[in-house]
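S.K.: sequence first, predicted coordinates after that:
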Amino acid sequence: MPAGTGPFPPSDVADEGLAEAGRARIDWAQRGMPVLRLITGRFAAEQPFAGLTVAACLHVTAETAALVGALRNGGAMVFLAASNPLSTQDDVAAALADAGTRVHARAGVDEITYGEHIHRVLDPGPDLVVDDGGDLVDTLCAQRPDLVAAVRGGCEATSTGVLRLRRMAAAGALAFPMVAADTTTTRRMFDTTAGTGQSVLDGIMRATNVLLAGRVVVVAGFGPCGQGIAACAHGLGARVVVTEVDPVRALEAVLRGYRVLPMREAAALGEVFITATGSRDVIAAGHLPDLRDGAVLANAGHFDAEIDVRALAGAAVKVTRDVRPHADEYTLDDGRRVVLLAEGRVVNLVAAEGNPPQVMDVSFAGQALVLRWLAREHAALEPGVHGVPPAIDEEVARLTLESSGARIDTLTDAQREYLSSWRATP
């Protein structure tokens, strides 16, 4: 369907003239996404979403465009809003709108417009939803209850969003099945650990041009994201300090050779701080007096709550915006300077381009297959949070291995019999 036609409002993008540049960027990303290309071909033949409407709230990037293309080739009508206004690539938004997707996303919009964009993608009444952080589902359930009955289900891409969904389900506020796409082994290996680890360091270095070798890098949180960030920083020669609230994860950090300290002690040691906890006030007002002059603060969590930006602004006597792109310098009353990256928002998607296409290929392939499964099996699922069916995770792993040229062994009949027997010998 051409952009701007039909009963719903036309796309809201920054500049329709950027479409050609966006197509070039999307084409480059798709070259590194062989699994999703294969799934797109399957969907075109199967038409699993024929007649269905999909509402999506995702980072509007070239990689996301590949997922949108797979859904549209499968027969879906897709309405797309941004899950973070600072991560929106305006040229990609223009290209998607030009190709027929209803896109409501512009880089840098305020919170009111951000919320309005989410409502616009919900207006058609979705059959399926795709969320990244939980804002779409929260808006749907809390503010658009008239649309809930028609929703077959959806998937959530982030651990932060899944936590919100579990809280909604516990409170009886989640009225349809949602699949926690972040829980698969393939996604955690590729997206959460390897991809986030690389792209977060990429964003920090683009924004600061700092040499990490020999510097003290404090990583707050040692979940899958923190593990990847710490490993990449260590690989670049940084001295890594980890802060944690979970004793098991803290012990794992110790066993990997990292120093583990409370943030109140790490604050005085660190030169670069990276938060990846999914919580709030990880770097708070009480830590500011201990920060070194020139300390760099970056957030890798989905929401801009991990660094208390208001406390930092309140303590500053001077704020210099954009000392470098996506780097703001806060001067404290004793002359110390603290550099905040990406306004405290997710640094790898604001100061860099997010995870590489090869990473998002695996993540989005899983989400595409989950949505196909939901379109068929939704009636058998209760409202609440569900895991990804193991068969989907295995299929993504198999397709990814095939696309990389890797091959694995298969069990012989004798091996299967041996492994299934309780006897010590055949």
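M.R.: Happy to help now that I have it. Numbering: from 1, shown residues only.
S.K.: packing partners for the helix or strand Ala45 falls within?
M.R.: Assigned by DSSP states H and E, Ala45 belongs to helix 34-46. Contact partners of helix 34-46 among helices and strands, from 3 or more CB pairs under 8 Å, 6 or more residues apart in numbering; DSSP states H and E: helix 62-73, helix 357-377, helix 390-404. All C-beta atoms are positioned from the backbone trio N, CA, C, and that covers glycine.
S.K.: got the angle for the second one vs helix 34-46?
M.R.: Interaxial angle of helix 357-377 relative to helix 34-46 (axes from the mean of the first three to the mean of the last three CA atoms, to 10 degrees): 30 degrees.
S.K.: same thing with the first one?
M.R.: Relative orientation of helix 62-73 with respect to helix 34-46: 20 degrees, computed using the same axes, to 10 degrees.
S.K.: who touches helix 62-73?
M.R.: 22, 25-26, 28-30, 33, 36-37, 39-41, 43-44, 49, 54, 56, 58, 78, 80, 89, 92, 95-96, 100-101, 130, 354-355, 357, 360-361, 364, 367-368, 371 (CB atoms under 8 Å, 6 or more residues apart in numbering).
S.K.: what about that helix, average pLDDT?
M.R.: Helix 62-73 shows a mean pLDDT of 97.
S.K.: ok, then the element right after it?
M.R.: Taking DSSP H and E, what comes next after helix 62-73 is strand 77-82.
S.K.: other SSEs contacting that following strand?
M.R.: Applying 3+ CB pairs under 8 Å, 6+ apart, one finds that strand 77-82 makes contact with strand 53-58, helix 62-73, strand 102-104, helix 111-122.
S.K.: hey, C-alpha coordinates of the last one in PDB?
M.R.: What follows is helix 111-122 as a C-alpha-only set of coordinates in PDB (Å, rounded to 0.1, in the frame of the first residue of the first chain):
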ATOM      1  CA  GLU A 111       8.300  12.800  25.100                       C
ATOM      2  CA  ILE A 112       4.800  14.100  24.100                       C
ATOM      3  CA  THR A 113       5.400  13.400  20.400                       C
ATOM      4  CA  TYR A 114       7.000  10.100  21.200                       C
ATOM      5  CA  GLY A 115       3.900   9.000  23.000                       C
ATOM      6  CA  GLU A 116       1.700  10.200  20.200                       C
ATOM      7  CA  HIS A 117       3.600   8.200  17.700                       C
ATOM      8  CA  ILE A 118       2.900   5.000  19.700                       C
ATOM      9  CA  HIS A 119      -0.800   5.800  19.700                       C
ATOM     10  CA  ARG A 120      -0.700   6.300  15.900                       C
ATOM     11  CA  VAL A 121       0.700   2.800  15.400                       C
ATOM     12  CA  LEU A 122      -2.000   1.400  17.700                       C
END
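S.K.: and the next helix or strand past that helix?
M.R.: On the C-terminal side of helix 111-122, the closest following helix or strand by DSSP H and E is strand 128-131.
S.K.: so what touches that following strand?
M.R.: So strand 128-131 is in contact with 49, 52-58, 67, 76, 83, 136-137, 140, 151-157, 161, 178, 367, 371, 374-375, going by CB under 8 Å, 6+ apart.
S.K.: which phi and psi does the spatially most central residue of the chain have?
M.R.: Nearest residue to the geometric centre of the chain (CA atoms, centre = their mean): Thr158, 5.4 Å. Phi and psi for Thr158, reported as degrees, to the nearest 10, are phi -120, psi 150.
S.K.: also Gly214?
M.R.: Gly214 adopts backbone torsions of phi 90, psi -10, taken as degrees, to the nearest 10.
S.K.: how about it, what does it touch?
M.R.: By CB under 8 Å, 6+ apart, Gly214 lies in contact with Gly237, Ala238, Arg239.
S.K.: so how far is Arg324 from it?
M.R.: Using CB to CB, to the nearest Å, we find Gly214 at a distance of 21 Å from Arg324.
S.K.: buried set for whichever strand in the chain runs longest?
M.R.: Identified as the longest strand of the chain according to DSSP state E is strand 316-324. If you call a residue buried by 16 or more other CB atoms under 10 Å, then strand 316-324 has these buried ones: Ala316.
S.K.: that one pairs with which strands, parallel or anti?
M.R.: strand 327-332 (antiparallel) (DSSP bridges).
S.K.: just the CA trace of the helix or strand following the partner strand, in PDB.
M.R.: On the C-terminal side of strand 327-332, the closest following helix or strand by DSSP H and E is strand 337-341. Provided in PDB are the C-alpha atoms of strand 337-341 (Å, rounded to 0.1, in the frame of the first residue of the first chain):
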ATOM      1  CA  ARG A 337      34.300  18.000  34.800                       C
ATOM      2  CA  VAL A 338      32.100  15.000  34.200                       C
ATOM      3  CA  VAL A 339      31.300  14.000  30.600                       C
ATOM      4  CA  LEU A 340      27.800  12.500  30.000                       C
ATOM      5  CA  LEU A 341      27.300  10.600  26.800                       C
END
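S.K.: helices or strands next to strand 337-341 in the packing?
M.R.: Applying 3+ CB pairs under 8 Å, 6+ apart, one finds that strand 337-341 makes contact with helix 196-208, strand 295-299, helix 309-315, strand 327-332.
S.K.: just those: most buried one?
M.R.: strand 295-299 (a mean of 27; mean count of other CB atoms under 10 Å).
S.K.: neighbouring contacts of it?
M.R.: Outside strand 295-299, the residues that touch it by CB under 8 Å, 6+ apart are 200, 203-204, 207-208, 210, 270-276, 283, 306-307, 312, 338-342, 344-347.
S.K.: put the alpha carbons of it into CSV.
M.R.: Output of strand 295-299 as CSV, limited to C-alpha atoms (Å, rounded to 0.1, in the frame of the first residue of the first chain):
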residue,chain,number,x,y,z
ALA,A,295,35.1,11.0,34.3
VAL,A,296,33.0,9.7,31.4
LEU,A,297,29.5,8.4,32.1
ALA,A,298,27.7,6.2,29.6
ASN,A,299,24.5,4.1,29.8
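S.K.: wouldn't Ala194 be in contact with Gly228 here?
M.R.: Yes: the criterion here is CB atoms under 8 Å, and Ala194 meets it with Gly228 at 5.9 Å.
S.K.: for Thr186, give me its contacts.
M.R.: By CB under 8 Å, 6+ apart, the contact list for Thr186 reads Val362, Gly366, Asp393, Val396, Ala397, Thr400.
S.K.: tell me how far the helix or strand of the chain with the lowest mean pLDDT lies from the chain's centre.
M.R.: Least confident element among the helices and strands of the chain, by mean pLDDT, DSSP states H and E: helix 185-187 (a mean of 81). How far helix 185-187 lies from its chain's middle: 14 Å, per CA atoms, centre = their mean, to the nearest Å.
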